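1. sequence below, structure please.
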Amino acid sequence: MAVPTFTMRQLLEAGVHFGHHTRRWNPKMEQYIFGTRNKVHIIDLQQTVPMLYAALNTTRDIAAGGGRVLFVGTKRAASDIVADSARKCGQYYVNHRWLGGMLTNWKTISYSIKKLRDLETHLGSEEMGGLTKKELLNLTRQRDKLELALGGIKEMGGKPDMLVVIDTNKEEIAINEARKLGIPIAAVVDSNSNPNNIDFPIPGNDDAMRAIQLYCDLFAGAVLDGLQQEMTTSGIDVGEAEAPPQEVIAVETPAAPEAPAEAAAAAEPAAEVVAEAAAPEAPAEAPKAT
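-> All right, here's what the predicted structure looks like:
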């Protein structure tokens, strides 16, 4: 089974090569910087390609082994995309706020998930007729609050086997918890990020919605490939399965306001700079298996 493929043109059109203003950079990202244009760092996509493939391959292998993949992206630009992509491939997500101890204190989180299930059952029962409007409103608010925080992991049933993270600065707590437990992390690292604590860093823009959509589509596709491989290994006829996994194909999303203003300021010239180092039409070649 092969992981989803992508082209250099897709990366360019999604704005993956745009970093932040040069004054906001993290020197630890220097090796992944191609150059600057209009005081904006341009990320070297020639390095992004093999590193992204490495992350996708690992994600596929974990899914093929029955592992759980947790997508993490709590900032506004990533929230809906992360949730939708995780649902597409039957995995899990945190897209509102990372609660301290979500991984390192799973026992407490499990108790909160049980409380959420109890509230859902209670609110769906006929006993609700005996409550006042105020009591019903309070219970509904409790459920909605827990659903917002834990809805994406309530079916996870245990700690994840891999994290896919969109913004390493925003999700620092999640990354620290995963590292304590030895859970591998694949994460997008922008020019203002620290790649040292990431098992599978992916140099790229972590603010633009089109870039985030591309990453999530590719990772969802890798998970589906892994699940299909698991079914094949188990002797299940995928063609006769009731709902066989469908490969997620990255599609262009309508242009939306992109987060970093510096990226817009350098858009056209920056693309020309990266074009010098990348063939825009050719598919990005996956590293050969060793």
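
2. low-confidence ranges in the stretch 101-250 of the chain?
-> Scanning the stretch 101-250 of the chain for pLDDT under 70 picks out the ranges 126-127, 129, 236-250.

3. what secondary structure does the closest residue to Ile198 other than its chain neighbours sit in?
-> Among residues not flanking Ile198 along the chain, Ala187 sits closest, at 4.8 Å (Cβ to Cβ, 6 or more residues apart in numbering). C-beta coordinates here come from the backbone N, C-alpha and C atoms, glycine included. Of the three states, Ala187 takes strand under DSSP: H, G, I helix; E, B strand; the rest coil.

4. test my guess that Ala187 contacts Val165.
-> Yes. With contacts counted by Cβ atoms under 8 Å, Ala187 reaches Val165, the gap being 3.8 Å.

5. which neighbours do the two have in common?
-> 171, 175, 198 (Cβ atoms under 8 Å, 6 or more residues apart in numbering).

6. can you pull out the strands in the stretch 1-150 of the chain?
-> Listed in chain order, the strands of the stretch 1-150 of the chain (DSSP state E, counting those that start in this stretch) span 18-21, 33-37, 40-43, 69-72, 92-94.

7. put together CSV for those strands, with mean neighbour count on each row.
-> Below are the strands of the stretch 1-150 of the chain laid out as CSV (neighbours: other Cβ atoms under 10 Å):
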stretch, mean neighbour count
strand 18-21, 26
strand 33-37, 18
strand 40-43, 25
strand 69-72, 28
strand 92-94, 24
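
8. contact partners for Gly19?
-> If you count contacts by Cβ under 8 Å, 6+ apart, Gly19 has them with 25, 29, 33, 40-43, 190-192, 205.

9. mind redoing it with 10 Å?
-> By Cβ atoms under 10 Å, 6 or more residues apart in numbering, the residues touching Gly19 are 25-26, 29, 32-34, 36, 40-43, 190-193, 203-207, 260, 262-263, 266, 270.

10. what's the answer for Ile43, then?
-> Contacts here follow Cβ under 10 Å, 6+ apart; on that basis Ile43 touches 11, 16-19, 29, 32-35, 189-191, 202-205, 270, 274.

11. now the end-to-end length of stretch 190-210.
-> For stretch 190-210, the first-to-last residue distance is 15 Å (Cα to Cα, to the nearest Å).

12. got the buried residues for it?
-> 190-195, 197-210 (16 or more other Cβ atoms under 10 Å).

13. same check on stretch 209-226?
-> 209-226.

14. cool, stretch 57-72 as well?
-> Per 16+ other Cβ under 10 Å, stretch 57-72 contains these buried residues: 57-64, 67-72.

15. filter the shared contacts of Ala187 and Val165 down to just the ones in helices.
-> Residues of the shared contacts of Ala187 and Val165 located in helices (DSSP state H): Ile175.

16. tell me the spatial nearest neighbour of Thr48, not counting adjacent residues.
-> Nearest non-adjacent residue to Thr48, counting by Cβ to Cβ, 6+ apart: Pro203, 4.9 Å away.

17. tell me the domain boundaries of this protein?
-> What the TED database lists as the domains of the chain is 8-100+159-233, 104-157.

18. now the helices for the stretch 151-290 of the chain?
-> According to DSSP state H, counting those that start in this stretch, the stretch 151-290 of the chain carries its helices in the segments 172-181, 209-233, 261-265, 267-275.

19. for Pro50, which of these is the nearest?
-> Closest approach to Pro50 among the helices of the stretch 151-290 of the chain is made by helix 209-233 (13.9 Å; Cβ to Cβ).

20. what helices or strands is that closest one leaning on?
-> On a contact count with 3 or more Cβ pairs under 10 Å, 6 or more residues apart in numbering; DSSP states H and E, helix 209-233 meets helix 8-13, helix 45-64, strand 69-72, helix 76-88, strand 162-165, strand 185-189, strand 200-203.

21. please verify my assumption that Asp167 contacts Ile212.
-> Yes. Here Asp167 lies in contact with Ile212, judged by Cβ atoms under 10 Å, at a distance of 9.1 Å.
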